[in-house]
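Novice: no sequence for this one, just the structure:
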């Protein structure tokens, strides 16, 4: 059990480092970019334990710890504006259904 907790803690820490936004500078481009890929615009960012997120994750056969945040309804931020929540997400491979290990950015 302790090894699982250590693994989950290490994975969470790695996700935070990987999803850390980096400044891009000034201009007409978005103010931030992600080391994990394009900035995402998500309808909401919730804990993996959220009932909606847990249902989606379960249907995809994905098991995550409670400390992982996921983005629901995320799309790549191509226009530079997001009326919902801009985020860096580590895993965007599930279409706009769910993105895993998301960190909200300004």
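Specialist: Nice, thanks for sending it over. Quantities reported herein were computed from a predicted structural model and do not represent experimental measurements.
Novice: roughly how far apart are the residue nearest to residue 40 when sequence neighbours are not counted and residue 61?
Specialist: Leaving out its chain neighbours, the residue that sits closest to residue 40 by Cβ to Cβ, 6 or more residues apart in numbering is residue 74, at 4.2 Å. C-beta coordinates here come from the backbone N, C-alpha and C atoms, glycine included. Shown here: residue 74 relative to residue 61, a distance of 20 Å by Cβ to Cβ, to the nearest Å.
Novice: and if you look at residue 51?
Specialist: 18 Å.
Novice: now do residue 33
Specialist: Residue 33 is 31 Å from residue 61, by Cβ to Cβ.
Novice: So these two - more neighbours on which side?
Specialist: residue 33 (17 against 6; other Cβ atoms under 10 Å).
Novice: Report the beta-bridge partners for that one.
Specialist: Assessed by DSSP bridges, residue 33 has beta-bridge partners residue 22.
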